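K.L.:
Need a 3D model of the following:
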Amino acid sequence: MCGLMRLVEEAAVELLREHGVQVTAQRLAIMRVVAEHPHASADELGDVVRSELGAISRQAVYDSLGVLVDKNLIRRIQPAGSPARYESRVGDNHHHLICRSCRMMFDVDCATGEVPCLTADDNHGFEVDEAEVIYWGRCPTCQADDPPDMSPAEAMQFVHTSKQPSITVQGARHE
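P.N.:
Numbering: from 1, shown residues only. Coordinates of the predicted model:
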């Protein structure tokens, strides 16, 4: 293990101990893999940890993630219609941007910089300490690869106003 990796592991051990969490090879591996693969799902994280440690049950992955989330050592993000994802960026004020097509997720810093950066019009007596925002859209790669979603009327307009590509059918060329 190189010097830098040793320092990172020592810091993770200290962090677990400070939060009253038993230090295990599995938890250390999960913390490291979450930091190396932000926004990965539990199954994706488990696959990486399994390839490194040799054996870790799916339940152990979920249990370890649950403990680390409960102790605020990692953050769980649950986008609508997607599996939970995990990141090591905690304790700051940021949100997320997700591509509707490929589901790639990116961190987006809050414009105001204060926690929480949004305030509810009526907080119903809650003491609000966090506002979670997920922006949805299409990443540049997916925009380039696929045409945007269109209504049937927009699609018909597009077909009638666009130059259609040439196609070849059974050896005959059609324009």
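K.L.:
just so I have it, where are all the helices in the chain?
P.N.:
Secondary structure of the chain (DSSP state H): helices at 3-18, 25-36, 42-53, 58-70, 140-145, 152-161.
K.L.:
Asn93 touches Cys110, doesn't it?
P.N.:
Yes. Taking Cβ atoms under 8 Å as the definition, Asn93 is a contact partner of Cys110 at 4.5 Å. Yep, even glycine has a C-beta here, placed from its N, CA and C like the rest.
K.L.:
neighbours around Glu130, how many?
P.N.:
By other Cβ atoms under 10 Å, the residues close to Glu130 number 9.
K.L.:
Tell me where this protein is predicted with low confidence.
P.N.:
Where the chain drops to pLDDT under 70, the residues are 1, 4, 113-117, 147-175.
K.L.:
got the domain boundaries for it?
P.N.:
3-77, 91-161 (automatic domain parsing).
K.L.:
how about the residue nearest the centre of the chain, what does it touch?
P.N.:
The residue lying closest to the centre of the chain (Cα atoms, centre = their mean) is His39, at 2.8 Å. Neighbour list for His39: Ile77, Arg85, Tyr86, Glu87, His96, Met105 [criterion: Cβ atoms under 8 Å, 6 or more residues apart in numbering].
K.L.:
How about Val61?
P.N.:
Gln26, Ile30, Ala42, Asp43, Leu45, Gly46, Val49.
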